[in-house]
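# sequence and predicted structure are below.
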There are 2 protein chains.
Amino acid sequence: MVVYAGQGDPRRSIELLWRRPVAEQRPGPKPGLSVDAIVDAGIAVADEQGMAFSMRAVGERLGRTAMALYTYVPGKNELVDLMYDRTMAELPTSYPLADGWRPAVTRWARDMWELYVRHPWVLQVSQARPVLGPHEFAVIEALAAILVPTGLPGRELRGIVGAVNYFVRGAAQTVAEARAAGGATGEADEEWWYARSAVLMEIEPDLAEKFPALHLLESDREPVDPELPYLENDAVENFRNGLRVLLDGVEAAVRAVAKP
Amino acid sequence: MVVYAGQGDPRRSIELLWRRPVAEQRPGPKPGLSVDAIVDAGIAVADEQGMAFSMRAVGERLGRTAMALYTYVPGKNELVDLMYDRTMAELPTSYPLADGWRPAVTRWARDMWELYVRHPWVLQVSQARPVLGPHEFAVIEALAAILVPTGLPGRELRGIVGAVNYFVRGAAQTVAEARAAGGATGEADEEWWYARSAVLMEIEPDLAEKFPALHLLESDREPVDPELPYLENDAVENFRNGLRVLLDGVEAAVRAVAKP
DNA sequence: CGAGGTTACTTTACGATGTAAGGAGTCGCA
DNA sequence: TGCGACTCCTTACATCGTAAAGTAACCTCG
């Protein structure tokens, strides 16, 4: 389930995201909950159960029914937006530039990647239309602030920011979903892979000849970290090497601007 | 809804994917449907309604009930796997290398990008655990076959293949979801953006000062194609520039191997 | 202090969804 | 001719987001 950013009333959504203070001293019973409490509960539930968490589960965690949430939040979509933005607050808002842009971007990417792995459901919030919350802005600001001093033009910068973003997201998705799928079925990566590749080899024994380049691609594979499961090792390796290549490309662009 | 690759019986899944021929001349009534017909109908419905299509809708398109499908296909997850692999068959299985790897990879990326935009639901099939169908293999084989002749080592190649993949997926997701969200609500990009940015400016007037780098990032924006809606223009621009940067990185790696 | 209106929260209910269970009809082969 | 495998249907269930309406708590104003 990909959740699209606030399709309801834009004003209500944005006021919630930016925490417009609600008028105090209102008639009626004291609120027993708060938007913050609901968002926290939502994140906790989503971390456990993934994006397919239910409003009932969030309510239950707060000792309420699902419908109680609708007093504070217009619907599940908007709650997810709030959860998304609150999650982004876990990241630093700036990175030291003492050693230049490259280590800074690398650290930004690693932090982002770790956040995705920590909160895999975030990967299922639609990227197309930004949530437009304060912390989402801050995260991209942090990356932009690293790259702007390179002197690259806006067009170039947007391409780079996009590419780094896409890359980190994709790389993280690989681990996150590997874990989620394993967790859901209780099946470890190795078992999953083994069961399938065994059947595959039996049904299609000449795979290696049919896809020679792919076979070559899988050569000299060495575990980066023997503690980690199979697919995760792959993902970590791909993240490191892929990011290096990508940043080499950025370096070329930066050099081209520095010495025209 | 992210759909995880075949969590059911591995043998059944893989036999379906590789179209193990079913014994003919079986007792019982003649099958009125076929796996192929169901997969086609599924793709058609998913293209219209997205990944949240229902088994009932697929059945209806074939003049059957939802339950009729379960005779041919174990469940929705497996059907999605089949749809995914069939979709990958739309792509070329090899690219000419006459002009070197770079234009070939560029074309691969563009073809892939267009496929994602054509079938946005494909973006929601989990990447972590491959579907392991013949056409999925063929698509990665095509990319690998372009890059293997560069002489790069396996580790490096995997990083690059991953990065290109992630990048294309991410870039495509941006357009695809922009369209899907617009299509779902009947709301054009411009309206969506306008409604939100107006409220945002009203509530948080000093955005530009709060996020200076972001503000700079948005500078000198020119529509690539005036026919296209707002967000799509962005996406196309980001795709071009991002891919160029990424391939510059690959070029650096290739040169490093060529002349050590 | 008491009435009236507003708010917090609950109960109930509705229309989706994926799919399990079981039955009705159809056909090949003994 | 009948048995058993097969296709397809009907019915049913749990689960989901959330609409509607009711109840009880509480502030404000007379």
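Sure thing, it's come through. Numbering: from 1, shown residues only, chains lettered A, B, ... in the order given.
# helix or strand for the residue minimising distance to the centre of chain A, which one?
Computing the C-alpha centroid of chain A and ranking residues by Cα atoms, centre = their mean puts residue A:116 first, at 3.6 Å. Using DSSP states H and E, residue A:116 sits in helix A:101-118.
# against which helices or strands is the worst-scoring helix or strand of chain A on mean pLDDT packed?
Least confident helix or strand, chain A: helix A:189-203 with a mean of 80, by mean pLDDT, DSSP states H and E. Using 3 or more Cβ pairs under 8 Å, 6 or more residues apart in numbering or on different chains; DSSP states H and E as the contact criterion, the neighbours of helix A:189-203 among helices and strands are helix A:154-185, helix A:230-258, helix B:10-17. Every residue, glycine included, has its C-beta placed from N, CA and C.
# for the very next helix or strand once past it, packing partners?
Sequence-wise, the next helix or strand downstream of helix A:189-203 (DSSP H and E) is helix A:207-210. With contacts defined as 3+ Cβ pairs under 8 Å, 6+ apart, there are no secondary structure elements packing on helix A:207-210.
# quick check: buried residues in helix A:207-210?
The neighbour-count check on helix A:207-210 (16 or more other Cβ atoms under 10 Å in any protein chain shown) flags nothing as buried.
# and that helix, what's its mean pLDDT?
What helix A:207-210 shows for mean pLDDT is 93.
# next one: stretch A:30-47 to chain centre, how far?
Distance of stretch A:30-47 from the chain centroid (Cα atoms, centre = their mean, to the nearest Å) equals 20 Å.
# again but with stretch A:17-36, I slipped
Counting by Cα atoms, centre = their mean, stretch A:17-36 comes out at 30 Å from the chain centroid.
# so what touches that stretch?
Counting contacts by Cβ atoms under 8 Å, 6 or more residues apart in numbering or on different chains, the residues outside stretch A:17-36 that touch it are A:16, A:62, A:64, A:68-69, A:71-73, A:81-82, A:85, A:131-134, B:203-204.
# interface residues of the stretch 51-200 of chain A facing DNA strand D?
A:53, A:54, A:55, A:56, A:57, A:66, A:67, A:70, A:75, A:76, A:77 (Cβ under 7 Å from any atom of the strand).
# domains in chain A, by residue range?
Chain A is divided into the following domains under automatic domain parsing: A:10-88, A:101-258.
# next one: the residue of the stretch 101-250 of chain A found nearest DNA strand D from residue A:46, what distance?
Using Cβ to the nearest atom of the strand, residue A:121 is the residue of the stretch 101-250 of chain A that sits closest to DNA strand D, at 12.0 Å. In this structure, residue A:121 and residue A:46 are separated by 4 Å, where distance is defined by Cβ to Cβ, to the nearest Å.
# and the helices and strands packed on helix A:189-203, which is most packed in?
Per residue and on average, the most neighbours among the helices and strands packed on helix A:189-203 fall to helix A:154-185, with a mean of 22 (mean count of other Cβ atoms under 10 Å in any protein chain shown).
# that one to helix B:154-185, inter-axis angle?
Using axes from the mean of the first three to the mean of the last three Cα atoms, to 10 degrees, the inter-axis angle of helix A:154-185 relative to helix B:154-185 is 90 degrees.
# so is helix A:154-185 next to DNA strand C?
No. Helix A:154-185 stays clear of DNA strand C (Cβ under 7 Å from any atom of the strand), getting no nearer than 12.9 Å.
# by contact count, what packs against that helix?
Using 3+ Cβ pairs under 8 Å, 6+ apart as the test, helix A:154-185 ends up in contact with helix A:101-118, helix A:134-147, helix A:189-203, helix A:230-258, helix B:154-185, helix B:212-217, helix B:230-258.
# next one: it to chain centre, how far?
For helix A:154-185, the distance between its averaged C-alpha position and the chain's averaged C-alpha position is 7 Å (Cα atoms, centre = their mean).
# quick check: the residue lying closest to residue A:254 once chain neighbours are set aside vs DNA strand C, distance?
With Cβ to Cβ, 6 or more residues apart in numbering or on different chains as the measure, residue A:150 is the residue that lies nearest to residue A:254, at 4.8 Å, once sequence neighbours are left out. Noted for residue A:150: a distance of 48 Å to DNA strand C, by Cβ to the nearest atom of the strand, to the nearest Å.
# before we move on, what about residue A:237?
Taking Cβ to the nearest atom of the strand as the measure, residue A:237 falls 34 Å from DNA strand C.
# also residue A:157?
Residue A:157 is 42 Å from DNA strand C, where distance means Cβ to the nearest atom of the strand.
# list the contacts of that residue.
Residue A:157 is in contact with A:144, A:147, A:148, B:217, counting by Cβ under 8 Å, 6+ apart.
# using the three-state scheme, assign the residue sitting furthest away from the middle of chain A.
What lies farthest from the middle of chain A is residue A:27; by Cα atoms, centre = their mean that is 40.6 Å. Secondary structure of residue A:27, reduced to three states by DSSP: H, G, I helix; E, B strand; the rest coil: coil.
# could you report the pLDDT at it?
Predicted confidence (pLDDT) at residue A:27: the value is 83.
# got the buried residues for stretch A:31-50?
For stretch A:31-50, the neighbour count (16+ other Cβ under 10 Å) marks A:33, A:35, A:38, A:39, A:40, A:41, A:42, A:43, A:45, A:46, A:47, A:50 as buried.
# give me the low-pLDDT residue ranges for chain A?
Residue ranges of chain A with pLDDT under 70: A:1-8, A:22-23, A:178, A:180-190, A:223-224, A:231, A:260.
# what residues does it have near DNA strand C?
By Cβ under 7 Å from any atom of the strand, the part of chain A that sits against DNA strand C consists of A:26-33, A:59, A:63-65, A:67-68, A:71-72.
# residue A:228: neighbouring residues, count only.
A count of neighbours around residue A:228, defined by other Cβ atoms under 10 Å in any protein chain shown, yields 15.
# that one and residue A:179 touch, don't they?
No. Using Cβ atoms under 8 Å, residue A:228 is not in contact with residue A:179; the gap is 10.6 Å.
# is stretch A:9-27 positioned near DNA strand D?
Yes. Applying Cβ under 7 Å from any atom of the strand, one finds stretch A:9-27 touching DNA strand D at A:25, A:26, A:27.
# next, the distance between the ends of that stretch.
Distance across stretch A:9-27, first residue to last, is 25 Å (Cα to Cα, to the nearest Å).
# off-centre distance for it?
Computed by Cα atoms, centre = their mean, the separation of stretch A:9-27 from the middle of its chain amounts to 27 Å.
# next one: stretch A:102-114
Relative to the mean C-alpha coordinate of its chain, stretch A:102-114 is positioned 13 Å out (Cα atoms, centre = their mean).
# re the thing from before, give me the distance from the least confident helix or strand of chain A to the chain's centre.
Centroid displacement of helix A:189-203 relative to its chain, using Cα atoms, centre = their mean, is 29 Å.
# show me which positions of it end up buried.
When burial is assessed from 16+ other Cβ under 10 Å, helix A:189-203 yields the following buried residues: A:189, A:192, A:193, A:196, A:199, A:200.
# hang on, the earlier thing: isn't the residue of the stretch 101-250 of chain A closest to DNA strand D right up against residue A:47?
Yes. The pair residue A:121 and residue A:47 passes the contact test of Cβ under 8 Å, sitting 7.4 Å apart.
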